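Engineer: turn this into a structure:
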Amino acid sequence: MQVRGLLLLLALMLLAATTEAGKNKKEKVKKDGSECEDWRWGPCVPNSKDCGLGYREGTCGDESKKLKCKIPCNWKKKFGADCKYKFESWGGCSAQTGVKTRSGILKKALYNAQCEEIVYVTKPCSSKIKSKSKGQ
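Structural biologist: The predicted model follows:
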């Protein structure tokens, strides 16, 4: 009976010790070592030209840091790489202007970017006439 009590006490002590060790480990581990939670991030600035690898600067109170970022070279520069949109299908070709249009609704703004809610894009109408008849 006493052996069972000692084993139970020992098991409880081990459980308490491992729980405390886990708490200390979690408290010590921080992603970036910063206590600040209200970071303000600037746009991604490429190292050269207007696309590719670059850096984004962030500030929070007196702290500042730089993060690596990338602007795809085929990205629509007009919207910025931090604004993600869901686009509709292309509309019909306007005979007056020779372009077709579609709109995009903001899906996600990364790093607190200032993005327009709705954007419109145009492209020239295709001059080629597509024929659907293939082998005759």
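Engineer: got any ranges where this structure has weak pLDDT?
Structural biologist: 1, 3-34, 75-77, 128-136 (pLDDT under 70).
Engineer: what's the first helix or strand after the longest strand along it?
Structural biologist: In the chain, with assignment by DSSP state E, the single longest strand is strand 99-109. Note on strand 99-109: by DSSP states H and E, the next helix or strand toward the C-terminus is strand 118-124.
Engineer: which helices and strands does that following strand pack with?
Structural biologist: If you count contacts as 3 or more Cβ pairs under 8 Å, 6 or more residues apart in numbering; DSSP states H and E, strand 118-124 packs onto strand 99-109. Heads up, the C-betas are built off the backbone N, CA and C, glycines and all.
Engineer: go through the strand it packs on and flag the buried ones.
Structural biologist: 100, 104, 106 (16 or more other Cβ atoms under 10 Å).
Engineer: which ones are touching the first one?
Structural biologist: Looking back up the chat, that one is residue 100. Going by Cβ atoms under 8 Å, 6 or more residues apart in numbering, residue 100 touches 90-94, 122-123, 125.
Engineer: any idea which of those is closest to residue 83?
Structural biologist: Proximity of the contacts of residue 100 to residue 83 (Cβ to Cβ) peaks at residue 122, which lies at 17.9 Å.
Engineer: that concludes my questions; thank you for your assistance.
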